[in-house]
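Asks: all I have is the shape, not the residue letters:
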């Protein structure tokens, strides 16, 4: 059956970031067949966030308070390209765009999806520039994270 | 030679692009094994395969090509069999099951939609909505004008408001798009996004789905909505054990 449809392809740009956007699907979804053996995913760890984006903690509250304090309320949204500065001190690591801030910073822990594995594994990567787990690696204080799928 | 399995398709369907290659360095050529009216899209599996960026991309690339050729059941990354015969054996044992599943995803694609809050827009809205938050914000932004408790209280109120928005926005996105999809499913837990939903959309419905997405974007300036797709139907294959079925 042939229907005229757009070819199946990534539509939202082919930045390598796209892989990260669908990574959880490649690793977490899809058919599992018992007769087949899955290669070890040791060396790749997905940080899971136990709670949703906003975490209830003193630390988080203070960050939000600061983010509000720093909002330039006189300026409209259009006049506010400086989000990274606005919350610059709040994102400890790897700000990836201007939508990222106190809020997104808490949310973006998944961008740390690839984490260097245990020390032994890391050392075995021997300069291979192609490791999936090259993304930012530090987890943030604002999120309660839990490691899963360490070796499935 | 270990065989790497990308996905399962109807025996007559995959007409894969010539020269399609898969996992490994150098990338191994992709081939198709046919058995009992089904087919497996496979390649040799390199020694010591690990989840490297290149190989994850390869898995995705092969499945995307296969799904463009026809219905395909994507396997989870890293599925291997001892050899080609073992793959054929697995196909033979469960051919009917696979064909049944293939029918449920034929002519359908997956779109994964994620959304984050645009915090500047949202924080402004929250301030505009609440006199108490505005007051606390004014008090706390002056040096020495407020106590630690005031700042904590401000942050807590903002956090509460944000949580309300999360719940609301998640529902809004779901309602706006679900009518254009056959099924939808929440993304794997812990993506950290306000919204992470996958939709199974008929190929004929894709335009309507994407139009609804654009409307949603226009109506929700506080949301940074990202869509990935069309994708192979990762989220819409059975994930429970096939052997146990």
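Replies: Perfect, thanks for sending it. This structure is a prediction, so every number in the text was calculated from the model and none was measured. Numbering: from 1, shown residues only, chains lettered A, B, ... in the order given.
Asks: from residue B:95, how far off is the residue nearest to residue B:235 when sequence neighbours are not counted?
Replies: Once flanking residues are discounted, residue B:235 sits nearest to residue B:198: 4.0 Å by C-beta to C-beta, 6 or more residues apart in numbering or on different chains. Bear in mind the C-beta positions are built from the backbone N, C-alpha and C, glycine included. Per C-beta to C-beta, to the nearest Å, residue B:198 is found 27 Å from residue B:95.
Asks: okay, those two: which has more neighbours?
Replies: Counted by other C-beta atoms under 10 Å in any protein chain shown, residue B:198 and residue B:95 do not tie: residue B:198 has more neighbours, with 28 against 16.
Asks: the more buried one contacts residue B:187, doesn't it?
Replies: Yes - if you go by C-beta atoms under 8 Å, residue B:198 and residue B:187 touch, sitting 5.9 Å apart.
Asks: what do these two both touch?
Replies: Contact criterion C-beta atoms under 8 Å, 6 or more residues apart in numbering or on different chains; residues shared by residue B:198 and residue B:187: A:25, B:112, B:235.
Asks: the last one belongs to a helix?
Replies: This means residue B:235. Yes - per DSSP: H, G, I helix; E, B strand; the rest coil, residue B:235 lies within a helix segment.
Asks: contacts only, for it.
Replies: Residue B:235 neighbours (C-beta under 8 Å, 6+ apart): A:25, A:29, B:110, B:112, B:185, B:187, B:198, B:200.
Asks: can I see the domain layout of chain B?
Replies: Using automatic domain parsing, the domain parsing of chain B gives B:3-106, B:110-236.
Asks: next SSE after the helix or strand hosting residue B:60?
Replies: Assigning secondary structure by DSSP states H and E places residue B:60 in helix B:53-69. With elements assigned by DSSP H and E, the helix or strand that comes after helix B:53-69 is strand B:72-74.
Asks: in whichever helix or strand comes after that following strand, what's buried?
Replies: Proceeding N to C from strand B:72-74, the next assigned helix or strand is strand B:79-81, under DSSP H and E. Within strand B:79-81, the residues that count as buried by 16 or more other C-beta atoms under 10 Å in any protein chain shown are B:79-81.
Asks: ok, the shared contacts of residue B:198 and residue B:187 vs residue B:218, which is closest?
Replies: Each of the shared contacts of residue B:198 and residue B:187 was checked against residue B:218 using C-beta to C-beta; the closest is residue B:112, at 20.5 Å.
Asks: number of residues surrounding that closest one?
Replies: 24.
Asks: same question, residue B:103
Replies: By other C-beta under 10 Å, 11 other residues sit near residue B:103.
Asks: cool, the one 3 residues further on as well?
Replies: If you count neighbours by other C-beta under 10 Å, residue B:106 ends up with 17.
Asks: same question, residue B:207
Replies: Other residues near residue B:207 come to 13 when the count uses other C-beta under 10 Å.
Asks: touching chain A at all, stretch B:71-84?
Replies: Yes - interface with chain A: stretch B:71-84 contributes B:73-81 (C-beta under 8 Å from any C-beta of the partner chain).
Asks: distance to residue B:213 added to the residues you listed, as JSON lines?
Replies: Putting these into JSON lines (distance: C-beta to C-beta, whole Å) gives the following:
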{"residue": "B:73", "distance to residue B:213": "26"}
{"residue": "B:74", "distance to residue B:213": "23"}
{"residue": "B:75", "distance to residue B:213": "28"}
{"residue": "B:76", "distance to residue B:213": "27"}
{"residue": "B:77", "distance to residue B:213": "27"}
{"residue": "B:78", "distance to residue B:213": "31"}
{"residue": "B:79", "distance to residue B:213": "32"}
{"residue": "B:80", "distance to residue B:213": "37"}
{"residue": "B:81", "distance to residue B:213": "39"}
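Asks: of all those, which comes closest to residue B:101?
Replies: Nearest to residue B:101 among the residues of stretch B:71-84 next to chain A: residue B:73, at 5.6 Å, using C-beta to C-beta.
Asks: for residue B:7, which residues count as its bridge partners?
Replies: residue B:41, residue B:74 (DSSP bridges).
Asks: please list all residues in contact with it.
Replies: Taking C-beta under 8 Å, 6+ apart, one finds A:31, B:40-41, B:62-63, B:66-67, B:72-75, B:232 in contact with residue B:7.
Asks: export those as TSV, with columns for neighbour count, distance to residue B:24 and pLDDT.
Replies: Rendered in TSV, the data for those read as follows (neighbours: other C-beta atoms under 10 Å in any protein chain shown; distance: C-beta to C-beta, whole Å; pLDDT from 0 to 100):
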residue	neighbour count	distance to residue B:24	pLDDT
A:31	23	21	91
B:40	29	17	96
B:41	28	15	96
B:62	27	12	95
B:63	27	16	95
B:66	29	17	92
B:67	27	21	91
B:72	30	20	95
B:73	29	22	96
B:74	31	19	96
B:75	27	16	95
B:232	33	20	94
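Asks: coming back round to it: ok, which of the domains of chain B comes nearest residue A:71?
Replies: In terms of C-beta to C-beta, the element of those nearest to residue A:71 is domain B:110-236, at 5.8 Å.
Asks: the strands in chain B, which residues?
Replies: Assigned strands in chain B, in chain order: B:3-10, B:30-35, B:38-44, B:72-74, B:79-81, B:108-117, B:183-186, B:195-202, B:223-231 (criterion: DSSP state E).
Asks: can you list contacts of the second one?
Replies: What that stands for is strand B:30-35. Residues outside strand B:30-35 that contact it (C-beta under 8 Å, 6+ apart) are B:6, B:9, B:11, B:14, B:16, B:20-22, B:39-43, B:62, B:84, B:87-88, B:91-92, B:95.
Asks: where in the chain is pLDDT low?
Replies: The chain I'm using is chain A. Counting by pLDDT under 70, chain A has low-confidence residues at A:1-19, A:42-55, A:73-152.
Asks: sorry, should have said chain B
Replies: B:13-14, B:145, B:189-192, B:239-245.
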